[in-house]
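Peer 1: predicted model and sequence follow; I will ask about them next.
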Amino acid sequence: MLPNNVFVFDIETVPDVDGGRRLYGLDGLNDAEVGRALLAMRRQQAGTEFQQLHLQRIVTISIAARMGDRFRVWSLTEPECSEAEIITRFYDGIERYTPQLVSWNGYGFDLPVLHYRALIHGISAPRYWESGNNDQSFRWNNYLSRFHERHLDLMDVLAAYQARAAVPLDELATLCGLPGKMGMSGDKVWDCVLAGDYRRVSNYCENDVLNTYLMYLRFELMRGRIDRPQYQIEQRRVRECLEAADQPHLQEFLAAWPEEGV
């Protein structure tokens, strides 16, 4: 049986240009120029443009949620919300619902970025950080421990906690007959933000959480938490949500998701 509340989440980030100005004295440059400077410095330092986690600014958090008998997918995203508001609302959801969190590489990326950015903005998240001092049920099952299950990092678990065995979500989802990535990739997020195309970023992120949620259902089937009839019911719940959604990117996902399944 699945937990009553399941939140599959994913974040999208861009270089923190305000932080870059502060750390490296880049005043007088516009956002695009600061971003290029940060990418160049990182490339020179580490041979990659991928920014250190504390210099990743969150522009979107997408969530695919099963709440009781309901399934929905949505995003907290700029420009409707500031980064601080996005993070606050994410942690408020944990405070209110104490959900099962599910991610793909959440321990390696999403959660550390959220930690740093919440610290920078002074955001309180006591339920998330609970480890048993105030609620004994969190002593042996909390969000923080890599080997507990309130946060389930599917990539980490499936790789048997071996970094060399980790695989990309897109590739494994595609092998499982799911849509995978559809015309967008993470390296295009910064260009979309510079162009003000936040909707494309949130659509891309929602695509990822849908793939991850469906992988989560298959994982729960594999380890016997749900049986095949329940698995089919949960898949149908997702399909009905997408069928009812008047959003082209969700309709595109549905069209690319074969009815047959496992």
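Peer 2: That came through, no problem. Residues are numbered from 1 along each chain as shown.
Peer 1: and the helix or strand hosting Leu38, what's buried?
Peer 2: Assigned by DSSP states H and E, Leu38 falls within helix 31-46. By 16 or more other CB atoms under 10 Å, the buried positions in helix 31-46 come out as 31, 34-35, 37-39, 41-42. In this view, the C-beta of every residue, glycine as well, is placed from N, C-alpha and C.
Peer 1: now the helix or strand following it - C-alpha only, PDB.
Peer 2: Downstream of helix 31-46, the next assigned helix or strand under DSSP H and E is strand 56-67. The C-alpha coordinates for strand 56-67 follow below in PDB (Å, rounded to 0.1, in the frame of the first residue of the first chain):
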ATOM      1  CA  GLN A  56      22.600  27.400  -7.700                       C
ATOM      2  CA  ARG A  57      19.500  29.600  -7.600                       C
ATOM      3  CA  ILE A  58      16.200  27.700  -7.600                       C
ATOM      4  CA  VAL A  59      13.700  29.000 -10.200                       C
ATOM      5  CA  THR A  60      11.300  26.100 -10.100                       C
ATOM      6  CA  ILE A  61      10.200  23.300  -7.900                       C
ATOM      7  CA  SER A  62       7.700  20.800  -9.500                       C
ATOM      8  CA  ILE A  63       5.700  18.300  -7.600                       C
ATOM      9  CA  ALA A  64       3.700  15.200  -8.700                       C
ATOM     10  CA  ALA A  65       1.600  14.400  -5.600                       C
ATOM     11  CA  ARG A  66      -0.700  11.600  -4.600                       C
ATOM     12  CA  MET A  67      -2.800  12.800  -1.800                       C
END
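Peer 1: distance from the chain centre to strand 56-67, please.
Peer 2: Chain-centre distance of strand 56-67: 5 Å, with CA atoms, centre = their mean, to the nearest Å.
Peer 1: returning to that earlier point: can you put the buried residues of helix 31-46 in CSV and add pLDDT?
Peer 2: Shown next, in CSV, are these (pLDDT from 0 to 100):
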residue, pLDDT
Asp31, 94
Val34, 96
Gly35, 93
Ala37, 96
Leu38, 96
Leu39, 94
Met41, 95
Arg42, 95
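Peer 1: from those residues, which is closest to Leu152?
Peer 2: Distance ranking of the buried residues of helix 31-46 against Leu152, using CB to CB, places Arg42 first at 30.6 Å.
Peer 1: Val8: what secondary structure?
Peer 2: Under DSSP: H, G, I helix; E, B strand; the rest coil, Val8 falls in the strand class.
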